[in-house]
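Chemist: Coordinates for the following, if possible.
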Amino acid sequence: MAKRPRIAVVGSANIDLTTFTDQFPKPGETIFGQKFDLGFGGKGANQAVAARLCGADVFMVARVGNDLFGPATIDNFKKLGIDTTHVKQVEGLSSGVAPIFVEPNGQNRILVVKGANDALKAADVDAAAETLKAADCIVLQFEIPLETVYYTVAFARKHGIRCIVNPAPAQAIEMRALTDLDYFVPNESEAQAVGGMPVRNVDEAKKCAEMLMAGGIRRVIITLGANGSLLVAPGVSEHVPAFAVKSVDSSGAGDAFIGSFAVFLAEGIPELEAVRRANLYAGLSTSGVGTQKSFYDRARFDAEWAIKG
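Modeler: Residues are numbered from 1 along each chain as shown. Got it, this is the predicted structure:
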């Protein structure tokens with residue numbers, strides 16, 4: 001039997017606090033909401049869960065708060081079989097939270113409080129060095145300090161470890177810090193924000209990806225929602241269509257793509273097929289409500305791939 005891939009995620013862990021309401025209260029007013037849902041989220045945690053459900057050994061490097069949510073987040077990782085050796089509570093800080101308010105028409109308003117995610121520093125990466133060196137792939141996002149992202153990319157480059165960066169949420173970056181990065185995986189809006197050019201269709205996505213590669217990144221994958229994804233690498237420019245699924249909630253689909261893609265690559269699946277499989281995994285995640293709750297395990301995914309792949 002082939003060795004299980006080892007995926008390390010250096011990133012965020014949040015708690016999603018979703019309130020469904022018929023209307024928003026006026027200043028000073030108290031009203032009753034309709035329904036409440038508490039879920040585990042954060043881009044880093046979501047990507048770790050997707051990778052774990054796809055069959056990898058997953059190691060999380062993260063910071064949570066010294067509050068009720070900190071131990072609950074760590075326990076959730078443990079229940080899913082994710083290694084939490086390098087997930088620590090930080091005194092005096094809250095866990096990352098995302099209060100979400102949803103109107104009857106589905107319109108939402110979201111506040112993200114980064115909390116302890118902002119306390120994940122380069123020294124914490126060094127503390128996890130032996131674990132990271134054993135990984136087949138390191139996955140990063142932008143819900144932790146950019147300095148920590150850059151430091152980890154440099155660590156991966158130094159030790160010859162495949163590295164994937166998801167620039168979400170989008171913000172201005174120092175391209176030189178991402179020189180020789182293996183995979184840069186934004187969605188359309190993130191590619192547009194980082195690249196400074198419109199990304200409204202596949203042709204524009206190709207131009208943006210080529211510009212990013214000219215800055216020193218080895219490969220760019222732009223996820224295009226219902227339009228699939230685009231892979232651009234030296235000598236390769238391939239639009240990979242999406243699979244037909246009955247979609248009810250696209251939350252976390254990008255995280256599902258990245259977590260699963262890391263696993264498929266680490267299993268030795270050819271790059272283009274790994275993108276196709278990640279497209280399907282991400283698509284299937286939209287057939288359920290929420291993020292981690294909607295992710296398929298490997299057996300369910302393989303059954304769908306046997307039919308659709």
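
Chemist: how about stretch 298-307: buried residues?
Modeler: The neighbour-count check on stretch 298-307 (16 or more other Cβ atoms under 10 Å) flags Arg298, Phe301, Glu304, Trp305 as buried. Heads up, the C-betas are built off the backbone N, CA and C, glycines and all.

Chemist: Show me the strands in the stretch 101-250 of the chain, by range?
Modeler: With DSSP state E, counting those that start in this stretch, the ranges of strands along the stretch 101-250 of the chain come out as 108-110, 137-141, 162-166, 183-184, 219-223, 229-233, 236-240.

Chemist: And the buried residues of stretch 298-307, which is closest to Arg109?
Modeler: Phe301 (32.9 Å; Cβ to Cβ).

Chemist: so which strand or helix has the closest one?
Modeler: Assigned by DSSP states H and E, Phe301 belongs to helix 298-308.

Chemist: tell me the mean pLDDT over that helix?
Modeler: Averaged across helix 298-308, pLDDT comes to 95.

Chemist: and it, C-alpha only, in PDB?
Modeler: What follows is helix 298-308, C-alpha atoms only, in PDB (Å, rounded to 0.1, in the frame of the first residue of the first chain):
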ATOM      1  CA  ARG A 298     -12.400   9.700   0.500                       C
ATOM      2  CA  ALA A 299     -14.800   6.700   0.100                       C
ATOM      3  CA  ARG A 300     -17.700   9.000  -0.900                       C
ATOM      4  CA  PHE A 301     -15.400  11.000  -3.200                       C
ATOM      5  CA  ASP A 302     -13.900   7.900  -4.900                       C
ATOM      6  CA  ALA A 303     -17.400   6.600  -5.600                       C
ATOM      7  CA  GLU A 304     -18.400   9.900  -7.300                       C
ATOM      8  CA  TRP A 305     -15.100  10.000  -9.200                       C
ATOM      9  CA  ALA A 306     -15.700   6.500 -10.500                       C
ATOM     10  CA  ILE A 307     -19.000   7.800 -12.000                       C
ATOM     11  CA  LYS A 308     -18.100  11.300 -13.100                       C
END
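
Chemist: who touches it?
Modeler: Leu53, Cys54, Gly55, Phe243, Ser260, Arg277, Leu280, Tyr281, Leu284, Tyr296 (Cβ atoms under 8 Å, 6 or more residues apart in numbering).

Chemist: Sort out for me which of these are in helices.
Modeler: Leu53, Ser260, Arg277, Leu280, Tyr281, Leu284 (DSSP state H).

Chemist: Would you confirm that the third one contacts Gly309?
Modeler: What it means is Arg277. Yes - the criterion here is Cβ atoms under 8 Å, and Arg277 meets it with Gly309 at 7.2 Å.

Chemist: ok, the two, which is more surrounded?
Modeler: Taking neighbours as other Cβ atoms under 10 Å, Arg277 and Gly309 compare with Arg277 leading, 24 against 12.
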